[in-house]
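Q: this one's sequence-less:
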């Protein structure tokens, strides 16, 4: 992200400095922050709102509202959870107001071996199939379970960030995640053989 | 419990995450920048040109200019010349004089160098401002106004010092086309004889009000001009600085001024809440 650490003085700025500058009215500093967190904000909104158009809308609105809310940001506290709380709230509002969306219409990348050693074609196909089955099972969970799993594993949020994104207290994040995993396991068991699992939402998504 | 029971499931989910494709992230930075650019509707070209609103330099310029504030006023009452004279005699608070009527506003000319070179005031924390001036700095207790976005202090001008509190525009508190800010609050110790005053205006309304039992005035309608006294004591007309809706009032020997695109009721509520 080297290119995003720009500053007037030409030296990199850390998050704290950027936030402080933005709080002081420095719009350029805020723009750097937006670039830095737009992936995170958009994907979090996507997980919650359920569609990319609503996610874009929610993330954009969230960034605008966050700018105007900066005077109320407590100096020195972490920026990400604060931002995510605002964006997630926008995403929830859109989900409530719209009809039911495509649920977690994520795609599993096809040919993307994650290790250095290329697996055999058979092994790669099997791994891809398992991922599809797992994603489909996540998609069959209730909204709350799906969101907590996506926040933890797909967005890799911290507990504080999960609490902010999900609008719950930090103390309840672990138990919510635990219950969601329990139900996911039940769905997988119910589906039986991995290869038999349906793939209802894999092709019907945003692209 | 599940975390221990299902380590493989968690690991598989983590692996799945690496293979997931989210829809491509749109260029939010550009979109957000454009949105913020639109926000101060009717804002001066200066603000629009910057693309993103209210830079610190803008606030500083504003604080320096608005400053010492003096009000100027302009207000032409819907009244006969005789009435106008009577009103003019009545108007005036400590440190502030108001002149009604007057010639039409001069052509706007910029004198940016002069304004920036005044060297009045700098940005500080509220605590620092309180240490530096010779009067108790008041802050609104009204919700949403307890923490100004920026505080400027000038220890020398006028005597006793002056403090400016700046609040960002936000939903419900639109940017003033004249200050770029959502709200500007100025406080200083008024002197018995007005330091500034003067000038003009063509139209607009001035209304007598009371704030906490003490006198004040509410200016609304057409923009009016300010005059102010610079560090060398010269009275200057701030020709580029128009003022929007303004409440100016007195509390003891403190003179306070509040400016923004707000209603009289909102202004009075904020003013009454200052502690």
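A: Received it, and whenever you're ready, just let me know what you need. Note that the coordinates shown come from a computational prediction; the quantities given were computed from them, not determined experimentally.
Q: pretty sure residue A:18 is touching residue A:31, no?
A: No: using C-beta atoms under 8 Å, residue A:18 makes no contact with residue A:31, being 9.6 Å away. C-betas here are computed from N, CA, C, even on glycine.
Q: now do the contacts for the residue nearest the centre of chain A.
A: Relative to the mean C-alpha position of chain A, the nearest C-alpha, by C-alpha atoms, centre = their mean, is the one of residue A:44, at 3.1 Å. Listed by C-beta atoms under 8 Å, 6 or more residues apart in numbering or on different chains, the contact partners of residue A:44 are A:59, A:84, A:87-88, A:91, A:151, A:155, A:157, A:165.
Q: most neighbours among those residues, which one?
A: Highest neighbour count within those: residue A:59, with 33 neighbours (other C-beta atoms under 10 Å in any protein chain shown).
Q: that one should be in a helix, yeah?
A: Yes: checked against DSSP: H, G, I helix; E, B strand; the rest coil, residue A:59 lies within a helix.
Q: pLDDT below threshold where in chain A?
A: Across chain A, residues meeting the criterion (pLDDT under 70) sit at A:1-12, A:96-119, A:192-207.
Q: all the strands of it, residue numbers only.
A: Secondary structure of chain A by DSSP state E: the strands cover A:107-108.
Q: residue in it nearest to chain B?
A: residue A:27 (2.6 Å; C-beta to the nearest C-beta).
Q: that residue: how many residues sit nearby?
A: With other C-beta under 10 Å as criterion, residue A:27 counts 22.
Q: ok, the one 5 residues further on next?
A: Residues contacting residue A:32 under the criterion other C-beta under 10 Å number 23.
Q: now residue A:190
A: 10.
Q: distance of residue B:8 relative to chain A?
A: 10 Å (C-beta to the nearest C-beta, to the nearest Å).
Q: what's the helix or strand for that residue?
A: helix B:7-19 (DSSP states H and E).
Q: so which elements touch that helix?
A: If you count contacts as 3 or more C-beta pairs under 8 Å, 6 or more residues apart in numbering or on different chains; DSSP states H and E, helix B:7-19 packs onto helix A:121-140, helix A:170-191.
Q: wait, which of these is closest to residue B:127?
A: Closest to residue B:127 of the helices and strands packed on helix B:7-19, according to C-beta to C-beta: helix A:170-191, at 30.8 Å.
Q: what's the closest residue to chain A within the stretch 151-275 of chain B sitting at in phi/psi?
A: Per C-beta to the nearest C-beta, residue B:170 is where the stretch 151-275 of chain B lies closest to chain A, at 3.7 Å. The phi/psi pair for residue B:170 (degrees, to the nearest 10) reads phi -160, psi 170.
Q: the residue lying closest to it once chain neighbours are set aside: how many residues sit nearby?
A: Excluding the flanking residues, the one nearest residue B:170 by C-beta to C-beta, 6 or more residues apart in numbering or on different chains is residue A:68, at 3.7 Å. The number of residues packed near residue A:68 is 19, by other C-beta under 10 Å.
Q: is it correct that residue A:68 is in contact with residue B:174?
A: No: the pair residue A:68 / residue B:174 is not scored as a contact, 11.0 Å apart, by C-beta under 8 Å.
Q: tell me the confidence at the nearest residue to residue B:133 once chain neighbours are set aside?
A: Distances taken as C-beta to C-beta, 6+ apart place residue B:161 nearest to residue B:133, at 3.4 Å, with adjacent residues excluded. Looking at residue B:161, its pLDDT reads 78.
Q: also residue B:271?
A: The model reports residue B:271 with a pLDDT of 96.
Q: which residues touch the closest residue to it other than its chain neighbours?
A: Nearest residue to residue B:271 in three dimensions, chain neighbours excluded: residue B:211, at 4.7 Å (C-beta to C-beta, 6+ apart). Contact partners of residue B:211, counting by C-beta under 8 Å, 6+ apart, are B:247, B:249-251, B:268, B:271-272.
Q: mark which of these are buried, thanks.
A: B:247, B:249-251, B:268, B:271 (16 or more other C-beta atoms under 10 Å in any protein chain shown).
Q: among these, name the ones in helices.
A: B:268, B:271 (DSSP state H).
Q: just the closest of the buried ones among the contacts of residue B:211 to residue B:142, please.
A: Residue B:142 lies nearest to residue B:271 out of these, by C-beta to C-beta, at 9.1 Å.
Q: need the helices and strands packed on helix B:7-19 in a markdown table (columns: distance to chain B).
A: As requested, the helices and strands packed on helix B:7-19 are arranged in a markdown table below (distance: least, C-beta to the nearest C-beta, whole Å):
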| stretch | distance to chain B |
| --- | --- |
| helix A:121-140 | 5 |
| helix A:170-191 | 4 |
